[in-house]
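> Next come a sequence and a model predicted from it.
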Amino acid sequence: MKQINHFINGREVEASSGESKPVFNPATGEQTGELGLASVADVDNAVAVAQAAFVEWSQVSIARRTKLMYNFRNLVEANTDELARRLTAEHGKVLSDAAGEVARGLENIEFACGIADAVKGTYSENASTGVDVYTIRQPLGVVAGITPFNFPVMVPLWTIPNAIATGNTYILKPSERDPSAPMFLAELFHEAGFPDGVLNVLHGDKVSVDRLLDHPDVQAVSFVGSTPIAKYVYETGTANGKRVQALAGAKNHMIVLPDADISVAADAAVSAAFGSAGERCMAISVLVTVGDVAEPLLAAIRDRMAKLKVGDGTESDSEMGPLITSEHRDRVADYVAQGAAAGASVVVDGRDASFDGDGFFLAPTLIDNVTTDMSIYTDEIFGPVLSVVRTDSFPDALKLIQENEWGNGAAIFTRDGGAARAFQNEVEAGMVGINVPIPVPVGYHSFGGWNNSLFGDVTMYGPEGVRFFTRPKVITSRWPDPATSSVDLGFPRND
């Protein structure tokens, strides 16, 4: 049984609250660790350390910051297998998914390695006679990230590199369910040569979150999680005068038109719905069929689901692992029961599968004839459940998405360029895929949804991330006309 502590000022620090939570291996149900939870005093200590570190770190040259960020990038890449192993041990996703998560996180470190270009200001010479106006971007101070269990490496890397490369110091509050991978990131960060106190990790629950949200020295908070908590974080943080970006829930739709390639669409639906056991904010949870494409598409999906190997994420042939907790597994299974009771057709029932041991497994589930008033449609399930809604036309399918409260991601599968163009222009979603089921942007664009999938007006990582973690300062300067200078400038003056 390992004890998991905070990481403050470059070293492990025990929690002072006396409170702790167990950490489990979801594939076996065994407790593998004990996590100390932060007290208000622990949070205050971490903030004080970060504030002290900011005084010097904010003055470090861009060249030096970039060199250290390259060091960090190389260490993360070299330790991909170890990060993936720790991630799988506490989250449950298969090792290939875990390694893919690290790779997507690396994209954001690589973007931050180019921070010299990203923070360049602008300059206007002679805006008025002898007057120059220019804009620079400066760091905020101490910033914090509150990140979810489903991507314990990638989501912290959405914000840590940009925040620190732009001169801020950072406090990470990762999920208490799978804290070991984020802790290893902090160790690699320290090994890369960053000064003590620039990156700190606090483990905790609502006590630590609330203190970060009301601490006067925390200037900005980034959050990723469910819609109710995102709304709470946004409202509380902004009420306390902080910048807040809060990415929230989702109900992502994938429209398949009759002209789509059935094989390609079926492969996409299965991987997008059941990868990482559906515990992804960008997972496809609603398959919207148009016209007569439903029957052949569902047949192809059923064939692929029958071949999916569900098991321990460390086993090389596993394609989907367990859910994060037994309680969450039971919650997802209950949604399947609610759907059946409401009249939907359970085509493939993941509750029927049996597994050895005490792991938190639920097999992939396919539910047909879902309607928009059913809880399996209206609620974010966050599990391996794919609901099928049948429509007669493209406008009907598009209307489903427009009327949904969320707007994180949406996809369409078609060979028709006109339909694809209409979809990208009209759909109410922040990230759109055309023959791509999970359109997560690359690291030099930015991630964020619309409507109730985002609170705040700045999305994460890429150019928007740089904007969030800096504030502009506009300088207007006037110097005497060279002709009136007392210094010999080497040319005649106007006497």
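Now that the structure is in, tell me what you want to look at.

> in stretch 80-97, what's buried?
80, 83-95, 97 (16 or more other CB atoms under 10 Å). All C-beta atoms are positioned from the backbone trio N, CA, C, and that covers glycine.

> can you check stretch 358-368 too?
Buried, per 16+ other CB under 10 Å, within stretch 358-368: 359-368.

> Out of those residues, which is nearest to I475?
Checking the buried residues of stretch 358-368 against I475 by CB to CB gives F360 as the nearest, at 56.3 Å.

> And the buried residues of stretch 358-368, which is closest to A294?
Of all those, the one sitting nearest A294 is D368; the distance, using CB to CB, is 8.0 Å.

> Could you check how far the closest one is from F382?
20 Å (CB to CB, to the nearest Å).

> In the stretch 151-300 of the chain, what residue spans correspond to helices?
Ranges of helices in the stretch 151-300 of the chain, per DSSP state H, counting those that start in this stretch, are 154-165, 180-191, 206-214, 227-239, 262-274, 294-307.

> farthest pair in the buried residues of stretch 80-97?
The span of the buried residues of stretch 80-97, defined through CB to CB, is set by T80 and G92 at 18.3 Å.

> coming back round to it: got the buried residues of stretch 358-368 as a markdown table, with distance to L213, pLDDT and secondary structure columns?
Formatted as a markdown table, these follow (distance: CB to CB, whole Å; pLDDT from 0 to 100; DSSP: H, G, I helix; E, B strand; the rest coil):
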| residue | distance to L213 | pLDDT | secondary structure |
| --- | --- | --- | --- |
| G359 | 35 | 98 | coil |
| F360 | 31 | 98 | coil |
| F361 | 36 | 98 | coil |
| L362 | 34 | 98 | coil |
| A363 | 39 | 98 | coil |
| P364 | 37 | 98 | coil |
| T365 | 37 | 98 | strand |
| L366 | 40 | 98 | strand |
| I367 | 38 | 98 | strand |
| D368 | 43 | 98 | strand |
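
> Those residues into CSV, with extra columns for distance to Q59?
As requested, the buried residues of stretch 358-368 are exported to CSV (distance: CB to CB, whole Å):
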residue, distance to Q59
G359, 50
F360, 48
F361, 52
L362, 52
A363, 55
P364, 53
T365, 55
L366, 57
I367, 57
D368, 61
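
> what kind of secondary structure is S486 in?
Under DSSP: H, G, I helix; E, B strand; the rest coil, S486 falls in the coil class.

> buried sites along stretch 430-448?
430-433, 436-441, 443, 446-448.

> Show me those that map onto strands.
431-433 (DSSP state E).

> Skipping its backbone neighbours, what lies nearest A127 in space?
Distances taken as CB to CB, 6 or more residues apart in numbering place V133 nearest to A127, at 4.5 Å, with adjacent residues excluded.

> most packed of the helices of the stretch 151-300 of the chain?
Of those, the one with the most neighbours on average (mean count of other CB atoms under 10 Å) is helix 154-165, at a mean of 28.

> and Q245, how far is that from M374?
The value you get for Q245 to M374, if CB to CB is used, is 32 Å.

> quick one, which of these two is more surrounded?
Each of Q245 and M374 has its neighbours counted (other CB atoms under 10 Å); Q245 has more, 28 against 21.

> pretty sure that one contacts T459?
Yes: counting by CB atoms under 8 Å, T459 is a contact partner of Q245 at 7.1 Å.

> Next, the buried residues of the helix or strand hosting A419.
Per DSSP states H and E: A419 is located in helix 417-426. Neighbour-count burial for helix 417-426, counted by 16+ other CB under 10 Å, picks out 419-420, 423.

> Tabulate the residues you listed in TSV, adding columns for distance to Q31 and pLDDT.
Converted to TSV, the buried residues of helix 417-426 look like this (distance: CB to CB, whole Å; pLDDT from 0 to 100):
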residue	distance to Q31	pLDDT
A419	51	97
A420	49	98
F423	47	98
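
> Tell me the one among those residues nearest to A15.
Of all the buried residues of helix 417-426, F423 has the smallest distance to A15: 49.2 Å, by CB to CB.

> And that closest one, how far from G417?
Counting by CB to CB - F423 and G417 are separated by 11 Å.

> got CSV for the helices of the stretch 151-300 of the chain, with mean pLDDT and distance to S326 too?
Formatted as CSV, those follow (pLDDT from 0 to 100; distance: least, CB to CB, whole Å):
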stretch, mean pLDDT, distance to S326
helix 154-165, 98, 23
helix 180-191, 98, 20
helix 206-214, 98, 22
helix 227-239, 98, 21
helix 262-274, 98, 19
helix 294-307, 98, 23
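
> Nearest approach to R331 belongs to which of the ones you listed?
Of all the helices of the stretch 151-300 of the chain, it is helix 227-239 that lies closest to R331, at 14.8 Å by CB to CB.

> which helices and strands sit right next to the closest one?
Packed against helix 227-239 by the contact rule (3 or more CB pairs under 8 Å, 6 or more residues apart in numbering; DSSP states H and E) you find helix 206-214, strand 218-224, strand 243-247, strand 454-455.

> just to revisit the earlier point, switch the helices of the stretch 151-300 of the chain over to TSV; also include distance to V487.
Output for these, formatted as TSV (distance: least, CB to CB, whole Å):
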stretch	distance to V487
helix 154-165	39
helix 180-191	48
helix 206-214	53
helix 227-239	51
helix 262-274	68
helix 294-307	78
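
> Tabulate the helices and strands packed on helix 227-239 in TSV, adding columns for distance to T470.
Converted to TSV, the helices and strands packed on helix 227-239 look like this (distance: least, CB to CB, whole Å):
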stretch	distance to T470
helix 206-214	20
strand 218-224	10
strand 243-247	10
strand 454-455	20
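
> Out of the ones you listed, which is closest to G313?
Of the helices and strands packed on helix 227-239, nearest to G313 by CB to CB is strand 218-224, at 21.7 Å.

> what are the phi and psi angles of the closest residue to A27 other than its chain neighbours?
Using CB to CB, 6+ apart and skipping residues adjacent in sequence, the residue nearest A27 is D312, 4.1 Å away. Dihedral pair for D312: phi -60, psi 130, per degrees, to the nearest 10.

> Distance of D312 relative to A89?
D312 sits 10 Å away from A89, taking CB to CB as the criterion.

> Spatially central residue for this structure, please.
V155 (3.9 Å; CA atoms, centre = their mean).

> give me the number of residues near A277?
Using other CB under 10 Å: A277 sits among 32 other residues.

> Let me know the pLDDT of it.
A277 is assigned a predicted lDDT (pLDDT) of 98.

> doesn't G409 make contact with E428?
No: using CB under 8 Å, E428 makes no contact with G409, being 11.1 Å away.

> More neighbours: these two, which one.
Between E428 and G409, counted using other CB under 10 Å, the more crowded position is G409 (31 against 16).

> How about the contacts made by the closest residue to G407 other than its chain neighbours?
Spatial nearest neighbour of G407, excluding adjacent residues (CB to CB, 6+ apart): W450 at 3.3 Å. For W450, the contacting residues are 407-408, 428-430, by CB atoms under 8 Å, 6 or more residues apart in numbering.

> cool, and V244?
So V244 contacts 220-223, 233-234, 237-238, 455-456 (CB under 8 Å, 6+ apart).

> Just send the buried residues of stretch 430-448 back as CSV, with distance to E34 and pLDDT too.
Formatted as CSV, those follow (distance: CB to CB, whole Å; pLDDT from 0 to 100):
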residue, distance to E34, pLDDT
G430, 39, 97
M431, 38, 98
V432, 43, 98
G433, 41, 98
V436, 41, 98
P437, 39, 98
I438, 35, 97
P439, 39, 97
V440, 34, 97
P441, 37, 96
G443, 35, 95
S446, 37, 96
F447, 33, 97
G448, 35, 97
